[in-house]
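Chemist: Show me the folded form of this:
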Amino acid sequence: MRPIAFALAVLAAAPAAAPGFAAPLCDQFGFAGLLAKCNRGAPIELTLASGQPLYAGDGPVELQSGAYYELHVTADGSAELALQGPDFFRAIWMNEIVIEDIEVRPMAIDSLEFDAAGTVRLSFVAIKPGSYELKIPGSSGDSQRVVLAIR
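Modeler: Okay, the predicted model is just below:
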């Protein structure tokens, strides 16, 4: 029985001592839990446009595991474009996808495709630490992808 108690004590203390450990965004989650307002990171804005960069920021988008985020993807309608990132979509818990005020609560997605201009809003909780990318399928340029790092 002692080895089990010792192992549990080590596991309980491990996250606080692990390198790269990040504290939660808020201390009191309340009734909303992980979706609490204090646990929300800044929205991530992406633009799908022919010949334009996908993401306007520099470097990877830093996300914190356990924090709630919104990803806003806006297509300008200049071309039929998609956004794919199956590894990223499996590293998060998807709360909902909102398209023209229609809420969808999917189990999983691989990609989104825009046939016309519009905006989609994905709300999610970052879960699995790692580095992931969202990109326009068939493109090879660095400006046609964005790296999202979950810490």
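
Chemist: When you work out contacts or count neighbours from here on, use the C-alpha atoms and nothing else.
Modeler: Fine.

Chemist: Could you pull out the buried residues of the host helix or strand of Glu45?
Modeler: Element membership of Glu45, judged by DSSP states H and E, is strand 44-48. Neighbour counts using 16 or more other CA atoms under 10 Å place Ile44, Leu46, Thr47, Leu48 of strand 44-48 among the buried residues.

Chemist: So what sits opposite the closest residue to Gly118 other than its chain neighbours in the bridge?
Modeler: The spatially closest residue to Gly118, leaving aside those adjacent along the chain, is Ala75, at 5.4 Å (CA to CA, 6 or more residues apart in numbering). Applying DSSP bridges to Ala75 gives these bridge partners: Leu48, Gly118.

Chemist: count of residues packed around Ala75?
Modeler: 23 (other CA atoms under 10 Å).

Chemist: Would you enumerate the residues in contact with it?
Modeler: With contact taken as CA atoms under 8 Å, 6 or more residues apart in numbering, Ala75 is in contact with Thr47, Leu48, Ala49, Leu81, Phe114, Ala116, Ala117, Gly118, Thr119.

Chemist: before we move on, what about Leu46?
Modeler: Leu54, Tyr55, Ala56, Leu71, His72, Val73, Thr74.

Chemist: all strands in the protein, in order from the N-terminus.
Modeler: Using DSSP state E, the strands of the chain run over residues 44-48, 61-63, 68-75, 81-84, 92-99, 102-104, 111-114, 118-126, 130-135, 145-150.

Chemist: So for the fourth one, what gets flagged as buried?
Modeler: Pointing back at strand 81-84 there. Those would be Leu81, Ala82, Leu83, Gln84, for strand 81-84 by 16+ other CA under 10 Å.
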